[in-house]
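J.: build the 3D model from these lines:
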Amino acid sequence: MISEVFSVLGIPALAFAISTYIPGIQRKIEARIQQRIGPNILSPGFWSVFKFIFKEVKLPDASLPRLYNLLPLLSIAVLWIILAITSLTSFHILSNEIGIVGLLKLEEMMYVILGSLSFSIMGWRMPYIDECKGTPFIKTLKISLEQLGAIRSFKMITIGSFPFYLATFLPFIQKKSIFLKDIVGEPFLLSLAGIFGAVCYFIGYLIMIKEYPFSITHTKADVIEGPTMELIGRYRAIYLASTELLMITLGSLFATLYLGIAPDINNPITIVENLAIAVIFPILATFVRAFSPVLLFKQIYPISYVATLIGVIGFVFALLGW
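T.: Residues are numbered from 1 along each chain as shown. As a prediction, this is how the structure comes out:
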């Protein structure tokens, strides 16, 4: 019983602590690629969270301002549960593929709900009408910038992130099971299906963390921060913490699904191995980000289709046991 409590509380807490260093590491690597020095490793993540905690908090201009502010807590709670259940593989109720996919979809829905609630200073509450389609579009349905952010988020969770979810299924297909306990201990990556699945997973990972080149849901190219724009003070700190934790959680999930290394409190070396692999993923994402522009949906869709095709090939190989 004590070990289960430590698994539920300790492993996610350790992952959370490591995640605060990730933005600083990414900025350092990106700066070196661009021949700059870059910020202190603690500044973009660890200290940014504390900086926002002590800033003034205001109720946003939103339909349900308190719900809007607290929604990022949903993401942290979901990611915390995912890290907990991968460390308790015998807990069948949630330690299975259906539970993991359902929780991640819940986390993704946060962005859609934020966009549907938000009416920021970039939206229609401005002194002038600030809509996505201007006056030449007579008798045309117009939407606010925040609604546009919600629509973009919805597109990403329906089509964009599909390769990621397909990739999470492949290890279970080969074992003909949906339970984590049946895939832990055996490296699925060493199979032919695992190689195709890993490529599909990494592309899906980039889409899921909403970083360059897949940052269209909150791109500054549009002078828009998307659904999260109105999060102020400690609520922005919570949002930043959730995005950092997401990067570590998805990397940790890869270590569990594809390498069979689940973080086990009774075997500390597995925790070290799992989180070390988890840190590699945002580092690899940094190299992609350093050389990538922001993609539009007309580019994101083909990439998603190609990644899905790679995943389908892996799916066939997994069925054949290759």
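J.: touching, residue 234 and residue 56? I think so.
T.: No. Contact criterion Cβ atoms under 8 Å: residue 234 and residue 56 do not qualify, at 9.9 Å. Any C-beta I mention is one placed from the backbone N, CA and C, and that applies to glycine too.
J.: between those two, which has more neighbouring residues?
T.: Remark: of residue 234 and residue 56, residue 234 carries more neighbours, 17 against 7, as counted by other Cβ atoms under 10 Å.
J.: contact partners for the more buried one?
T.: 52-53, 55, 57 (Cβ atoms under 8 Å, 6 or more residues apart in numbering).
J.: may I ask which of these has the most neighbours?
T.: Ranking those using other Cβ under 10 Å puts residue 52 first, with 20 neighbours.
J.: on that earlier part again, of all the contacts of residue 234, which comes closest to residue 174?
T.: Residue 174 lies nearest to residue 52 out of these, by Cβ to Cβ, at 43.8 Å.
J.: give the contact list for residue 262.
T.: Contacts of residue 262 (Cβ under 8 Å, 6+ apart): 86-87, 89, 180, 184, 255-256, 270, 274.
J.: do the same with residue 41
T.: If you count contacts by Cβ under 8 Å, 6+ apart, residue 41 has them with 21, 24-25, 28.
J.: neighbour-wise, which of these leads?
T.: Highest neighbour count within the contacts of residue 41: residue 24, with 20 neighbours (other Cβ under 10 Å).
J.: grab the nearest non-local neighbour of the residue nearest the centre of the chain.
T.: Geometric centre of the chain, nearest residue: residue 209, 3.5 Å, by Cα atoms, centre = their mean. What sits nearest to residue 209 in space, not counting adjacent residues and going by Cβ to Cβ, 6 or more residues apart in numbering, is residue 247, at 5.3 Å.
J.: repeat that for residue 314.
T.: Nearest residue to residue 314, sequence neighbours excluded (Cβ to Cβ, 6+ apart): residue 196, at 3.3 Å.
J.: that older thread, so the residue nearest to residue 209, which state does it fall into?
T.: The three-state label for residue 247, taken from DSSP: H, G, I helix; E, B strand; the rest coil, comes out as helix.
J.: from now on call the first residue 42
T.: Done: numbering now begins at 42, and the last item shifts to residue 288.
J.: assess the claim that it and residue 61 are in contact.
T.: No. Between residue 288 and residue 61 there is no contact under Cβ under 8 Å: 11.1 Å.
J.: just the closest of the contacts of residue 275 to residue 304, please.
T.: Nearest member of the contacts of residue 275 to residue 304, counting by Cβ to Cβ, is residue 94, at 28.0 Å.
J.: thanks a lot, catch you later.
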